[in-house]
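Trainee: coordinates only, no sequence provided:
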């Protein structure tokens, strides 16, 4: 099969985001603002008497964060008396550090990365586990013979590094592969060009982002877009090395303050209502994300929100509740999986204050009393048709 690079995609690390929300979506600065270190519950009163709150995202504005954008757009935060500013992430922004340094009131971060920061002294607590499942794949062409971690032996295996690689390394180790010697490890860019050009045999991808990129590319053999049947996917949820990802993190020290506790419950409730809205109003949330400034394209954003919904719904115990078994598995992989540098994510088990279900449970009780479906037992994903380049 002839494999050429996908020319229509731009690297995900370089696009700019325009602010187009009722509140500002701004790049994070290194200057404390909004009173993130204020212990009054948020950043002080905003115009109209609402409590000003800042949320730090872990990446650029995209469908991965649709629920928070929808909560702004639909007035769910305002209904809770909050004026929320969403700060977009980027290459050099570590959201849990921004939070720990008092430059935001809450942050979205993957659990293993945040726990590593906590082990190093960051005072942060997981207060709502929004993504219940991992969205990380390892993607190969179907004719590569790669259908399981064991098949990666002797192959050129791409990964992003930066702490994103531990599910992959745990999966290979569990299959009897020594990553440092049994495969050729390749530092992969945050796109799928290396896979499509044949430079690597297996590429790291998020189900809601990079995997869509290969399906938005033209197959030179057919002149049509690639199809899922052209690829094989290793899903770490199936392998058993999946780690918890996007969660809402709060400042541990400030959680001793009743005002911040109350704000935390309100913020979680409005955020989860935003995710319930995106579950039930997929196209509306696509439009909200596009309006917020993402340049990834409308069909790409529709795919992304649809795939993210699969990571959240259904939520049998209630959206955002932290499942102890999933937490323990994440910690175990973080303690035992060794990357190419011989490092593990964690050197010891996190302390009991690393997560709490107290605030998310109160938020769920508020939502249920308001008639919001926080379980989504009847949720069914939508069949999304991708356009060339995600347009």
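Mentor: It's in. Remember, it's a predicted structure, so these values are computed and weren't measured experimentally.

Trainee: poorly predicted segments of the stretch 201-350 of the chain, please.
Mentor: Screening the stretch 201-350 of the chain residue by residue with the criterion pLDDT under 70, one finds no matching range.

Trainee: repeat that for 90
Mentor: Counting by pLDDT under 90, the stretch 201-350 of the chain contains low-confidence residues at 293-296, 339-342.

Trainee: just the pLDDT for the closest residue in space to residue 316 that isn't next to it in sequence.
Mentor: Beyond its immediate neighbours in the sequence, the residue positioned closest to residue 316 (C-beta to C-beta, 6 or more residues apart in numbering) is residue 375, lying 6.4 Å away. Heads up, the C-betas are built off the backbone N, CA and C, glycines and all. The predicted local distance difference test score for residue 375 is 98.

Trainee: residue 375 - that's part of a strand, no?
Mentor: No. The assignment for residue 375 is coil, going by DSSP: H, G, I helix; E, B strand; the rest coil, so no strand is present there.

Trainee: so what's the residue count around it?
Mentor: As a burial measure, the neighbour count of residue 375 was computed by other C-beta atoms under 10 Å and equals 17.

Trainee: report the contact partners of it.
Mentor: Contacts of residue 375 were listed using C-beta atoms under 8 Å, 6 or more residues apart in numbering, and they are 314, 315, 316, 318, 319.

Trainee: now swap in residue 280 and tell me
Mentor: For residue 280, the contact set (C-beta under 8 Å, 6+ apart) is empty.

Trainee: swap in 10 Å and give it another go.
Mentor: Contacts here follow C-beta atoms under 10 Å, 6 or more residues apart in numbering; on that basis residue 280 touches 309, 313, 373, 376, 379.

Trainee: now, among the residues you listed, which is nearest to residue 194?
Mentor: residue 309 (28.6 Å; C-beta to C-beta).

Trainee: what's around that closest one, how many residues?
Mentor: For residue 309, which is what you asked about, the neighbour count (other C-beta under 10 Å) is 25.

Trainee: same question, residue 175
Mentor: By the other C-beta under 10 Å criterion, the neighbourhood of residue 175 contains 16 residues.

Trainee: before we move on, what about residue 364?
Mentor: Other residues within reach of residue 364, judged by other C-beta under 10 Å, total 25.

Trainee: all numbers from here: first residue = 640
Mentor: Understood, numbering begins at 640; the last thing we discussed is residue 1003.

Trainee: grab the nearest non-local neighbour of it.
Mentor: The nearest residue in space to residue 1003 (C-beta to C-beta, 6+ apart) is residue 957, at 4.5 Å.

Trainee: correct me if wrong: that neighbour contacts residue 911.
Mentor: Yes. Using C-beta atoms under 10 Å, residue 957 makes contact with residue 911 at a distance of 8.6 Å.

Trainee: quick one: which of the two has more around it?
Mentor: Counting neighbours by other C-beta under 10 Å for residue 957 and for residue 911 shows that residue 911 has the greater number, 28 against 18.

Trainee: give the contact list for that one.
Mentor: Residue 911 makes contact with 706, 710, 715, 767, 769, 887, 951, 954, 957-959, 999, 1002-1003, 1005-1006, 1011, 1013 under the criterion C-beta under 10 Å, 6+ apart.

Trainee: how far out from the middle of the chain is the helix or strand where it lies?
Mentor: For residue 911, the enclosing helix or strand under DSSP states H and E is helix 897-919. Helix 897-919 sits 17 Å away from the centroid of its parent chain (C-alpha atoms, centre = their mean, to the nearest Å).

Trainee: report the buried residues of it.
Mentor: Applying a neighbour-count criterion of 16 or more other C-beta atoms under 10 Å, one finds 899-918 buried in helix 897-919.

Trainee: and the next helix or strand past that helix?
Mentor: The first helix or strand that comes after helix 897-919 along the chain, using DSSP H and E, is helix 921-930.

Trainee: in the following helix or strand past that next one, what's buried?
Mentor: Following helix 921-930 in sequence order, the next helix or strand is helix 937-951 (DSSP H and E). Using 16+ other C-beta under 10 Å as the test for burial, helix 937-951 gives 937-951.

Trainee: now, which of these sits nearest residue 819?
Mentor: Proximity of these to residue 819, judged by C-beta to C-beta, is greatest for residue 950, which lies at 30.5 Å.

Trainee: quick one: the closest one and residue 705 touch, right?
Mentor: No. The pair residue 950 and residue 705 does not pass the contact test of C-beta under 10 Å, sitting 11.9 Å apart.

Trainee: of the contacts of residue 919, which pair is most distant in space?
Mentor: Farthest-apart pair in those is 948 and 1012; separation 13.0 Å (C-beta to C-beta).

Trainee: common neighbours of residue 957 and residue 911, please.
Mentor: 999, 1002, 1003, 1006, 1013.

Trainee: among the residues you listed, the buried ones, what's the PyMOL command?
Mentor: Here is the PyMOL command that selects the buried residues among the shared contacts of residue 957 and residue 911 (16+ other C-beta under 10 Å):
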select buried, resi 999+1002+1003+1006+1013
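
Trainee: can you lay out the shared contacts of residue 957 and residue 911 as TSV showing secondary structure and distance to residue 931?
Mentor: Converted to TSV, the shared contacts of residue 957 and residue 911 look like this (DSSP: H, G, I helix; E, B strand; the rest coil; distance: C-beta to C-beta, whole Å):
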residue	secondary structure	distance to residue 931
999	helix	25
1002	helix	23
1003	helix	26
1006	helix	24
1013	coil	24
